[in-house]
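Dropping a prediction and its sequence here:
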Amino acid sequence: MQALPLLLIAGLSLHACGRETSSVLPTVKDYPRAVQAQAANELEALPQGSVLPVLIGDYAVLREQLRAGRAQ
C-alpha cells in the first residue's frame with residue numbers, strides 16, 4: 001500500500017501543459033505540496049481493507065485522462 005501514496009503525490013503534482021486547451025474539459029486543480037503531503041500521510045494511516053485508496057486511485061487516473069484530453 002506504500003506505492004499508492006507515491007502515485008497519489010505524483011498524480012497530484014503533475015502540471016498541465018501550457019498549450020491552448022479545449023473549453024469542453026474542466027481544468028485539473030493543482031494542490032500545494034503541503035496538502036499533497038498531508039493527503040499521503042492520511043492515506044497511509046487508513047486501516048487495512050479501506051476502500052478509499054481504490055477511490056483515490058480512480059480519481060488520479062481521471063485527473064491524468066483530463067490532462068491528456070486538454071493537451072490535445
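Now that the structure is in, tell me what you want to look at.

any idea how far L55 is from Q38?
Look at Q38 and L55: by C-beta to C-beta, to the nearest Å, they are 17 Å apart. C-betas here are computed from N, CA, C, even on glycine.

my bad, P47
15 Å.

Between those two, which is the more surrounded one?
Taking P47 and L55 together and counting by other C-beta atoms under 10 Å, L55 has the greater number of neighbours (10 against 6).

Helix or strand, whichever it is, which one in the chain has the lowest mean pLDDT?
Comparing every helix and strand of the chain by mean pLDDT, DSSP states H and E singles out helix 3-13 as the least confident one, with a mean of 60.

Show me what secondary structure element comes after that one.
Toward the C-terminus, helix 3-13 is succeeded by helix 33-44 as the next helix or strand (DSSP states H and E).

got the buried residues for that next one?
The neighbour-count check on helix 33-44 (16 or more other C-beta atoms under 10 Å) flags 36, 39-40, 43 as buried.

Alpha carbons only: can I get that helix in CSV?
Extracted in CSV, the C-alpha atoms of helix 33-44 (Å, rounded to 0.1, in the frame of the first residue of the first chain):
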residue,chain,number,x,y,z
ARG,A,33,2.8,20.3,-1.8
ALA,A,34,1.7,20.6,1.9
VAL,A,35,-1.8,19.4,1.0
GLN,A,36,-0.4,16.6,-1.1
ALA,A,37,1.9,15.5,1.8
GLN,A,38,-1.0,15.6,4.3
ALA,A,39,-3.2,13.6,1.9
ALA,A,40,-0.4,11.0,1.6
ASN,A,41,0.1,10.7,5.4
GLU,A,42,-3.7,10.3,5.9
LEU,A,43,-3.9,7.7,3.2
GLU,A,44,-1.1,5.7,4.8
